[in-house]
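Chemist: here is my input, please return the structure:
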Amino acid sequence: MAPQFRHHDSPAGAAAAARRAQILTSHLVLHNQAPPSSQQHPITTLTSNVCLSYSPPELSETISFDPKEMRRLLDGHHIAERDWLFGLIEGNELFNPVRKGGKVYVMPDVNQPFQQQREMNMKRIKYLFDKGVHKGFYTEAADSGAEAYMRNLALQEVLRTYDLTLGIQMGLHLFLWGSYVKFLGSKHHQEKWLKATESYEIIVCIAMSELGHGSNLQAIETVATYDSSTEEFVVNTPCESAQKHMIGLAANYATHALVFAQLHTNGRNQGLHAFVVQIRDANGRTCPKVRIEDCGPKNGLNAIDNGQIWFDNVRIPRENLLNGVADVLPDGQYVTKIKDPRERHGQQLAPLTIGRVIVSTSSIYKTKVSLAIAIRYALSRRAFSVTPNGPEVLLLDYPSHQRRLLPLLAKTYAMSFAGNWLKLTFTKREPQSYKAVVVFSVAFKAIFTWHSMRTLQECREACGAQGMKAVNRLGLMVAESDAQLTYEGDNNLLLQQVSRIVLTEFLAAKKHKRPLKEFGLEHMNEPSPVIPSQLSSSILRSSQFQIAALRLRERDLLHRFSSEVSKHQFWGETKDQAINLAYHLYKELSKAFTERMILQLTIEAEESISAGPIKDVLALVRSLYALICIEEDDTFLRYGHLSAENAATVREEVTKLCSELRPHALALVSSFGIPDSFLAPIAFDWVEANSWSSVSGGH
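Modeler: Residues are numbered from 1 along each chain as shown. This is a model prediction of the structure:
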């Protein structure tokens, strides 16, 4: 049947048109006016609905403990200095303050062209230096040693809370280059370079990675050949793969480069050494026989001017070799107190440890920002009702949302305690503890940055479309933090290094029939822990059970890894190749080793405080951390440490712990001590943030 149409000139069509006009009119008239009436088609007056009410979480959440006290435990040191730097950033227009709803938020403007972002960062660095941030780090006697390092590490954490690029730029120059001069340079080097470094009279990039070689530094192709006739080194890029690649600060600002090259003298290659090479003059022009190109825009961190560098037989004075490990005499003779080339190579790279310490601890502060934003949002945003016509439910009151965020919060707390230990151990290191600093800086860097990326992404998703808006920072933090997984060492390769060192220590103890005494492995000297056949809530929440379970996993994986490597060696493989073939175990072992140490340090932090509300909450945090480590690792089931029934019990307990931590969520993120201005509008007023279309041009 053909469709029938009503025409407006018919009586029925005219009536329909009149009804539509009346409906539209009723939408437009004021509520205190009577709508047009029709005897044929009476129309009900429209009334306004009450919009979803908003109340900030502070008005509805109970704070069960003092966040300031918890912060003192979490930050661990230099809280006043942190707050001073937070205030400097909040109070200056250089830091792109955005004003919204009576609040001010500071955040870098990543919508600027990358060259403009770089220029803004250099202005910020100059401002911060003028205000005394990092000033006198190496040269002022009153601010030297462990205290200076702890203070400056705290300031780095604040800078990277604001913007990773700002902290990285200052860290590359002051911490990495400065550490090389202080620890591998002679008194002459320190007198010549350290004061100029602190005042930014020079800016130094670390020219280490090459296009062809990044992680395998022993194979670096840049060559520094000694010429005894002029007492100079000739630095050369012999092939395209030897170009120094993705070097931070190189493209625009570095005046000098710390160049890692193979030292050739008297016809012999003595391995990797570090040389100071000037690459720009006082006017910013590239020096003769040096070529520099910009690496261009990146997926994130565009305020950092990464560049490529080529050297065409650049001559530098003999004293520009940092000679703390080895030296070349005027006649070309190579002298060193360290005869083993592998040990010498390790000493050349030792100052890099500070970089991994900074990346580890700072990544946790970025994680705290994301959790503070997402959890505050989840305490404001509502969705769906559980009863007909009932009120909508806060996101964080859904068990599924608790499961998404609260285990990540517990892990962040545990890693904060571990990071504090790492910093303190590094700054007060002694020869006997330095090996542990190296191993745990490597292990924590990998595990912490993976955790940070996972948390940032989960927080972004937990905030839905709001998490995509640039003003709310979450997506931007994901893009910027991604690089942490590969700079200062690719995480997968770092974990291989951890398992290799642990295996070496284990085999040496076994060979010499001595107890293990490094890296917290002393538990291997004791009988193997036994997991009860039936697990109850009280057992699962016991710190004794938790540490025993993680030690059991670590012990088992170490034995399995050792057996696998030995098997491949028996079949004729070298030790290095045998470790490569056991890749499926080395990553599991390194993760088990690291998580056990984190739990151990969390237990120590908990035990250091008196009974009270904070200790009670930390017991929940510690239990959630330990049990989520067990639940997420299938090796407990694969190797028979947990039955299927016990694994299900662990899962149920994690859900219970999330529910018990829920009332403390706001207090836990408030304890991070991050000012409101460093978070995002979404964390305080999602209704207003939702209506804000401007991304960053608040000023």
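Chemist: CA atoms for contacts and neighbours, from now on please.
Modeler: Will do.
Chemist: in the stretch 301-450 of the chain, which spans are strands?
Modeler: 307-311, 314-317, 326-328, 334-336, 382-385, 392-394 (DSSP state E, counting those that start in this stretch).
Chemist: put the alpha carbons of the fifth one into CSV.
Modeler: Think strand 382-385. Provided in CSV are the C-alpha atoms of strand 382-385 (Å, rounded to 0.1, in the frame of the first residue of the first chain):
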residue,chain,number,x,y,z
ARG,A,382,27.4,9.7,39.9
ALA,A,383,26.0,7.1,37.5
PHE,A,384,22.9,5.0,37.6
SER,A,385,20.6,4.0,40.5
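Chemist: tell me which strands it pairs with, and in which orientation.
Modeler: strand 392-394 (antiparallel) (DSSP bridges).
Chemist: which of the residues in the strand it pairs with are buried?
Modeler: For strand 392-394, the neighbour count (16 or more other Cα atoms under 10 Å) marks Val393, Leu394 as buried.
Chemist: quick check: mean pLDDT of that strand?
Modeler: Strand 392-394 comes out with an average pLDDT of 90.
Chemist: now the helices for the stretch 251-400 of the chain?
Modeler: For the stretch 251-400 of the chain, the helices defined by DSSP state H, counting those that start in this stretch occupy 341-349, 353-378, 399-427.
Chemist: from the chain's centre, how far out does the last one sit?
Modeler: When C-alpha coordinates are averaged (Cα atoms, centre = their mean, to the nearest Å), helix 399-427 and its chain have centres 12 Å apart.
Chemist: who are the packing partners of it?
Modeler: Helix 399-427 makes packing contacts with helix 67-75, helix 145-162, helix 353-378, helix 434-462, helix 583-607, helix 613-632, helix 644-661 when contacts are defined by 3 or more Cα pairs under 8 Å, 6 or more residues apart in numbering; DSSP states H and E.
Chemist: just name the most buried of the ones you listed.
Modeler: The highest mean neighbour count among these, using mean count of other Cα atoms under 10 Å, belongs to helix 353-378: a mean of 25.
Chemist: got CSV for the strands of the stretch 301-450 of the chain, with distance to Val133 too?
Modeler: Shown next, in CSV, are those (distance: least, Cα to Cα, whole Å):
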stretch, distance to Val133
strand 307-311, 26
strand 314-317, 32
strand 326-328, 34
strand 334-336, 37
strand 382-385, 42
strand 392-394, 42
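Chemist: between the ones you listed, which gets nearest to Glu191?
Modeler: strand 314-317 (16.4 Å; Cα to Cα).
Chemist: buried set for that closest one?
Modeler: Buried-residue list, strand 314-317, by 16+ other Cα under 10 Å: Val314, Arg315, Ile316, Pro317.
Chemist: please apply the same query to stretch 113-124.
Modeler: Buried-residue list, stretch 113-124, by 16+ other Cα under 10 Å: Phe114, Gln115, Gln117, Arg118, Glu119, Met120, Asn121, Met122, Arg124.
Chemist: how much space between the third one and Leu128?
Modeler: This means Gln117. Gln117 sits 16 Å away from Leu128, going by Cα to Cα, to the nearest Å.
Chemist: what about Ala465, how many neighbours?
Modeler: When neighbours are defined as other Cα atoms under 10 Å, Ala465 has 10 of them.
Chemist: how much space between it and Gly475?
Modeler: Distance from Ala465 to Gly475, counting by Cα to Cα: 10 Å.
Chemist: how close does Val357 sit to Gly178?
Modeler: 15 Å.
Chemist: returning to what we had before: export the buried residues of strand 314-317 to a markdown table and tack on distance to Ala257?
Modeler: Putting the buried residues of strand 314-317 into a markdown table (distance: Cα to Cα, whole Å) gives the following:
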| residue | distance to Ala257 |
| --- | --- |
| Val314 | 12 |
| Arg315 | 13 |
| Ile316 | 12 |
| Pro317 | 14 |
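Chemist: residues contacting Ile279?
Modeler: Contacts were defined as Cα atoms under 8 Å, 6 or more residues apart in numbering; by that measure Ile279 touches Ala254, Thr255, His256, Ala257, Thr286, Cys287, Val290.
Chemist: what number of residues lie near His245?
Modeler: 25.
Chemist: what lies in contact with the strand or helix carrying it?
Modeler: Assigned by DSSP states H and E, His245 falls within strand 244-247. With Cα under 8 Å, 6+ apart as the test, strand 244-247 has contacts from 205-211, 295, 305-310.
Chemist: repeat that for stretch 537-551.
Modeler: Under Cα under 8 Å, 6+ apart, the answer for stretch 537-551 is 523, 529-531, 592, 595-596, 599-600, 603, 623, 626-627, 630, 650, 653.
Chemist: of those, closest to Ser452?
Modeler: The closest of the contacts of stretch 537-551 to Ser452 turns out to be Glu595 (Cα to Cα; 14.8 Å).
Chemist: I'd like the distance between that closest one and Leu272.
Modeler: 34 Å.
Chemist: repeat that for Leu155.
Modeler: As judged by Cα to Cα, Leu155 and Leu272 stand 32 Å apart.
Chemist: same question for Thr255.
Modeler: Between Thr255 and Leu272 the distance is 22 Å, computed by Cα to Cα.
Chemist: ok, Leu456 - contacts?
Modeler: Thr367, Ser370, Leu371, Leu474, Gly475, Met477, Val478.
Chemist: okay, these in a markdown table with distance to Tyr639 and pLDDT next?
Modeler: Converted to a markdown table, the contacts of Leu456 look like this (distance: Cα to Cα, whole Å; pLDDT from 0 to 100):
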| residue | distance to Tyr639 | pLDDT |
| --- | --- | --- |
| Thr367 | 32 | 97 |
| Ser370 | 35 | 97 |
| Leu371 | 34 | 98 |
| Leu474 | 38 | 92 |
| Gly475 | 38 | 91 |
| Met477 | 37 | 92 |
| Val478 | 35 | 93 |
